[in-house]
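Undergrad: Below are the sequence and a predicted model; questions follow.
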Amino acid sequence: MKYLVLMCLLVSPITIANPLVGTWEFVSGEYATESGRVKASAPQVTSTKIINESHFSYITSSGNKFHYASGGTYQVKGNKFIETVTLGNVDSLIGRTMSFTYEVKDNLWHHKLVEDGKFIEYEIWKRVE
């Protein structure tokens, strides 16, 4: 019982309340484009996303070449991960706020972005142990 109490004191309440805090590796994704949906997966596309208590950042490469990097602030509200991009190399994303629905199952983070009733993207990330 002493160990259980000690563990409860050592585990951050933020981590318990927010299952996204940590480091994540890209597994796969599907994206809407002007010509239809496209899919991507590791290892052809590699990306690492880091989430702390208030900020996120990620860096993505494709074909062993730098592709994207971005970061900013976020909020978790229910099953919504709401990110506001404050920096990055894609000008059209700077200042943009996006509200993803999400679910974490078995160390996999699934998130989906639908805007104005239109599918934008669906991604799966794996927690880095």
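TA: In hand now; what should we look at?
Undergrad: so what strands line up beside the helix or strand harbouring Ala32?
TA: Under the criterion DSSP states H and E, the helix or strand holding Ala32 is strand 22-33. Paired with strand 22-33 in the same sheet, following DSSP bridges, are strand 36-41 (antiparallel), strand 45-51 (antiparallel), strand 118-127 (antiparallel).
Undergrad: where's the last one relative to the chain centroid, distance-wise?
TA: Centroid separation for strand 118-127 versus its chain: 8 Å, with Cα atoms, centre = their mean, to the nearest Å.
Undergrad: one step back: if you average pLDDT over the strand holding Ala32, what comes out?
TA: Here strand 22-33 scores 97 as its mean pLDDT.
Undergrad: Next, the buried residues of it.
TA: Counting neighbours by 16 or more other Cβ atoms under 10 Å, one finds that the buried residues in strand 22-33 are 22, 24, 26-27, 29-30, 32. Backbone N, C-alpha and C define where each C-beta goes, glycine included.
Undergrad: want to try JSON lines for these, with distance to Glu103 as columns?
TA: Rendered in JSON lines, the data for the buried residues of strand 22-33 read as follows (distance: Cβ to Cβ, whole Å):
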{"residue": "Gly22", "distance to Glu103": "15"}
{"residue": "Trp24", "distance to Glu103": "14"}
{"residue": "Phe26", "distance to Glu103": "17"}
{"residue": "Val27", "distance to Glu103": "14"}
{"residue": "Gly29", "distance to Glu103": "15"}
{"residue": "Glu30", "distance to Glu103": "16"}
{"residue": "Ala32", "distance to Glu103": "20"}
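Undergrad: So what sits opposite Tyr68 in the bridge?
TA: Per DSSP bridges, the residues bridged to Tyr68 are Thr60.
Undergrad: Verify the stated contact: it with Ser57.
TA: No - between Tyr68 and Ser57 there is no contact under Cβ atoms under 8 Å: 11.1 Å.
Undergrad: tell me the contacts of Tyr102?
TA: 20, 79-81, 109-112 (Cβ atoms under 8 Å, 6 or more residues apart in numbering).
Undergrad: and with 10 Å instead?
TA: If a contact means Cβ atoms under 10 Å, 6 or more residues apart in numbering, then Tyr102 has 19-20, 76, 78-81, 109-113, 123, 125 as its contacts.
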